[in-house]
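structural data only, the sequence is not supplied:
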Ligand SMILES: Cc1ncc(COP(=O)(O)O)c(C=O)c1O
């Protein structure tokens, strides 16, 4: 009930649980190993760093159309630059899609362990979040379709998903798109697309190109190593790009971010290095974790979801405490519906070996007093 003396936010806002980022600080005096936010251990391309540092005219506004970056992305992927919209991270674009298409009375669907920014974006616009169950920690097209109602306006799907690392192959996406009503936007959040090495994976370009109601979001935060700059992009039908351009801030991406991203996308060899590193260590980590007796959800991204035994002293919270005491920060994922799991980003070789040694010690219960 509103009174006339106190400002009240829009309905839905106070239902939002603020996003909790991965830990970045540990109560530990030595060097901290931060593997809590799916960042690349290789850092950005040296070319991106140089381009970022090259800027002198800080008194000037950036190019509000991010022309150079949209053209660089278009060239790299063979796209129409008019249909690319850049944002302050893909988070901003997810929020703008919700703002443009959702309001009170509308519903938007995401999956059981889906990326939590979707829920925030939906509630922030007064709409109702609808959660589709997953099967084996993987999105389930049938379950999503079962949740569609007359009120559904958007389906948000992270592919691969964070924090599970699982993905849907292209034929499943086609089935989903084919069965969704035409007015429902399918948002394919492909933040980790570059890491996926599967023949049956398609990030979303194909569906955006062939339908008028599919959007693909991408980011420079992950494989490109530019998370601090907040820069992402989406490829959308012209009508949806037009909506986003009407409501976004006129200068929503900064000049250093544009410059660094243009240089990053031009450095294919740095990206390749990051992908090869990930491929090698994702497999190594999976094998080692299983060898220690921990269950790992099979991941195609740059992180792993590690499940702990439901045993006194051996649960995820205990592991988190034991690792933190050694300066190792993984991600608790209670808010994602995994009270007994931790998510770990693939780190440098040294970091990966240190985590495995610490977990071996933890599981063998010598407390890891090394
Ligand atoms: C699935 C998914 N989508 C989007 C994002 C947001 O990325 P950005 O840094 O581009 O806002 C993340 C970041 O963790 C993510 O995991």
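It's in. Because the structure is predicted, anything quoted here is derived from the model rather than measured.

which elements pack onto the helix or strand of the chain with the lowest mean pLDDT?
Across the helices and strands of the chain, the lowest-confidence element by mean pLDDT, DSSP states H and E is helix 46-53, at a mean of 94. Helix 46-53 makes packing contacts with helix 255-265 when contacts are defined by 3 or more Cβ pairs under 8 Å, 6 or more residues apart in numbering; DSSP states H and E. All C-beta spots, glycine's among them, are computed from the backbone N, C-alpha and C.

tell me which element the spatially most central residue of the chain falls in.
The chain has residue 191 as the residue nearest its centroid, 4.9 Å off, counting by Cα atoms, centre = their mean. Using DSSP states H and E, residue 191 sits within no helix or strand.

which pLDDT value goes with it?
If you check residue 191, the pLDDT there is 98.

quick one: neighbours of the nearest residue to it once chain neighbours are set aside, just the number.
Counting by Cβ to Cβ, 6 or more residues apart in numbering, residue 191 lies nearest to residue 219, which is 4.7 Å off, once chain neighbours are set aside. When counting by other Cβ atoms under 10 Å, one arrives at 26 neighbours for residue 219.

quick check on residue 219: phi, psi?
phi -140, psi 150 (degrees, to the nearest 10).

correct me if wrong: it contacts residue 90.
Yes. Between residue 219 and residue 90 there is a contact under Cβ atoms under 8 Å: 4.4 Å.

can you list residues touching both of these two?
191, 232, 233 (Cβ atoms under 8 Å, 6 or more residues apart in numbering).

who does the second one bridge with?
Here residue 232 sits in beta bridges with residue 87, residue 219, as judged by DSSP bridges.

how about the residues of this structure by the ligand?
Within the chain, the residues that sit near the ligand (Cβ under 6 Å from any ligand atom) are 38, 89-91, 115, 158, 162, 189, 191, 219, 221, 227, 232.

excluding sequence neighbours, find me the nearest residue to residue 262.
Using Cβ to Cβ, 6+ apart, the closest residue to residue 262 is residue 72 (4.6 Å).

that neighbour in helix, strand or coil?
Under the three-state scheme (DSSP: H, G, I helix; E, B strand; the rest coil), residue 72 adopts helix.

in this structure it contacts residue 267, no?
No. Residue 72 is beyond contact range of residue 267, at 11.2 Å (criterion: Cβ under 8 Å).

quick one, strands of the stretch 1-150 of the chain?
Along the stretch 1-150 of the chain, counting by DSSP state E, counting those that start in this stretch, strands occupy 33-34, 84-87, 107-111, 128-132.

list the contacts of the spatially closest residue to residue 37 that is not a sequence neighbour.
Nearest residue to residue 37, sequence neighbours excluded (Cβ to Cβ, 6+ apart): residue 22, at 3.9 Å. By Cβ under 8 Å, 6+ apart, the residues touching residue 22 are 34, 36, 37, 38, 329, 331.

gap between the fifth one and residue 297?
It stands for residue 329. 20 Å (Cβ to Cβ, to the nearest Å).

between the two, who's got more neighbours?
Remark: of residue 329 and residue 297, residue 329 carries more neighbours, 24 against 21, as counted by other Cβ under 10 Å.
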